[in-house]
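>>> no sequence on hand, only this structure:
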């Protein structure tokens, strides 16, 4: 059985999951991500593309850049926003 790459989700990405865990545990990071995710789609994508571009210029780890890039997807951003808003700092398990 072949693995279909198209069937992968952000939840399959360990770095992305870890990013959400850190955001749920660290109020500063949580607030920054919530601010970005709370923007309308156009402004969220614009802010993320600028952030991603700057991270690449600074040679940020590719896994981290990929995790942040997941927020470009409207459904992923909406789900992450819901998780972080409803988690109330309890930490993702």
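Yep, that arrived. The model shown is predicted, which means the values in this text are computed figures rather than measured ones. Numbering: from 1, shown residues only.
>>> ok, residue 80 to residue 16 distance?
As judged by C-beta to C-beta, to the nearest Å, residue 80 and residue 16 stand 9 Å apart. (C-beta placed from N, C-alpha, C; glycine too.)
>>> all helices in this structure, in order from the N-terminus.
Per DSSP state H, the chain carries helices over the ranges 14-25, 27-37, 41-57, 62-69, 74-87.
>>> any idea of the mean pLDDT in the first one?
Mean pLDDT, helix 14-25: 84.
>>> report the buried residues of that helix.
For helix 14-25, the buried set under the neighbour-count rule, 16 or more other C-beta atoms under 10 Å, comprises 15-16, 19-20, 23-24.
>>> which helices and strands sit right next to it?
Under the contact definition 3 or more C-beta pairs under 8 Å, 6 or more residues apart in numbering; DSSP states H and E, helix 14-25 sits against helix 27-37, helix 62-69, helix 74-87.
>>> over to the second one?
On a contact count with 3+ C-beta pairs under 8 Å, 6+ apart, helix 27-37 meets helix 14-25, helix 41-57, helix 74-87.
>>> then the last one?
Applying 3+ C-beta pairs under 8 Å, 6+ apart, we find helix 74-87 packed against helix 14-25, helix 27-37, helix 41-57.
>>> no more questions from me, cheers.
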